[in-house]
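J.: Mind folding the following:
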Amino acid sequence: MSGHSKWHNIQKTKGAQDAKRAAAFTKIAKELIVAVKEGGGITDPANNSRLATVITKAKAANMPNDNIKRCLEKASGAGGGDNYESITYEGYGPGGVAVIVETMTDNRNRTAGSMRHHFDKFGGNLGASGCVSWSFDKKGVLVIDNEEGDLDEEEVMMDAMDAGADDFEAEEGVFTIYTLPDDFNDVVANLSKYTFVSAQIEMVPQNYQKLESEEHIKLMEKLIDIMEDDDDVQNIWHNWEE
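T.: Numbers count the residues shown, from 1 in each chain. The predicted model follows:
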């Protein structure tokens, strides 16, 4: 799975765009609301595994506890907030890069139109369900920043394996811990002494693709940017080796 984390590249991109922080919280808020709804209105993460997973993601993103609490209150209140549904789209970016887009929307026609427009505008095309997901593995991914070198690689690796992790990777001052999706919450609980800079269920590519054309690289960057700015988009997964 080498090359998957690239945490520092992601971190620098986000750090240069502080305005996206609020947008990220809005996206997580949607996930919290849906997790409560789909969990039968249960707001206790001990009895709602999906909610526990989203709360872990929210905390890794430094979402304030008050924000999380308000989302749970909204979800459990009368009407349960907005009527969102999760829809996943698959397609190809410029140069044949495999792309998976996870959305959460209250208007599937609007979102479907936007996805098709985004792909078409930046040299890609929207495909049928399953056209690229076969080349990804669904994994829990926990990222620990060790740029300062304060943590011992072998100790963290042994702790991760003892906690029930599926795999461990050390790369460029970053430790990445992979879990099976069903084991994610247990591994997080068993590694509570560590601080994660990212923690969520991801679609991890089995193989990565390089783009040699400068035009394709620019188009792929623009496709990712416009997807990230789309309010309906929750996550974008791709196999582009940046």
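J.: and residue 219, what is it in contact with?
T.: Under the criterion of CB atoms under 8 Å, 6 or more residues apart in numbering, the neighbours of residue 219 are 93, 94, 122, 123, 124. From N, CA and C alone the C-beta is placed, and that goes for glycine too.
J.: Next: residue 122.
T.: Residues near residue 122 by CB under 8 Å, 6+ apart: 93, 94, 219, 220, 222, 223, 226.
J.: Try it again at 6 Å.
T.: Neighbouring residues of residue 122 by CB atoms under 6 Å, 6 or more residues apart in numbering: 219, 222, 223.
J.: Thought residue 93 was touching the last one, still the case?
T.: It stands for residue 223. Yes. Counting by CB atoms under 6 Å, residue 223 touches residue 93, with 5.4 Å between them.
J.: Who has more neighbours out of the two?
T.: Applying other CB atoms under 10 Å to residue 223 and residue 93 shows that residue 93 carries more neighbours, namely 28 against 25.
J.: That one and residue 24, how far apart?
T.: Per CB to CB, to the nearest Å, residue 93 is found 22 Å from residue 24.
J.: Tell me the helix or strand right after the longest helix seen in the chain.
T.: Secondary structure of the chain read by DSSP state H shows that its longest helix is helix 20-38. Proceeding N to C from helix 20-38, the next assigned helix or strand is helix 49-60, under DSSP states H and E.
J.: Name the nearest residue to residue 226, ignoring sequence neighbours.
T.: residue 118 (5.4 Å; CB to CB, 6 or more residues apart in numbering).
J.: I'd like to know how many residues surround residue 129.
T.: With other CB under 10 Å as criterion, residue 129 counts 10.
J.: so it sits in a strand?
T.: No. According to DSSP: H, G, I helix; E, B strand; the rest coil, residue 129 belongs to no strand; its state is coil.
J.: per-residue pLDDT, it?
T.: Note for residue 129: predicted pLDDT of 93.
J.: Show me how this protein divides into domains.
T.: What automatic domain parsing lists as the domains of the chain is 7-80, 85-134+206-238, 136-205.
J.: right, and the helix or strand after the longest strand belonging to the chain?
T.: The longest strand of the chain (DSSP state E) is strand 136-145. Next helix or strand after strand 136-145 toward the C-terminus (DSSP H and E): helix 153-162.
J.: From the contact counts, what lies against that following helix?
T.: In terms of contacts (3 or more CB pairs under 6 Å, 6 or more residues apart in numbering; DSSP states H and E), helix 153-162 is packed against strand 167-171.
J.: Inside helices: which ones of the contacts of residue 122?
T.: Using DSSP H, the contacts of residue 122 in helices are 219, 222, 223.
J.: between those residues, which is nearest residue 58?
T.: residue 223 (26.4 Å; CB to CB).
J.: out of everything not next to it in sequence, what's closest to that closest one?
T.: residue 122 (4.0 Å).
J.: Please apply the same query to residue 175.
T.: residue 144 (4.3 Å).
J.: do residue 186 as well
T.: Nearest one to residue 186, counting by CB to CB, 6+ apart, is residue 164 at 5.8 Å.
J.: Using the three-state scheme, assign the one you found.
T.: coil.
J.: contacting residues for it?
T.: Contact partners of residue 164, counting by CB under 6 Å, 6+ apart, are 183, 186, 187.
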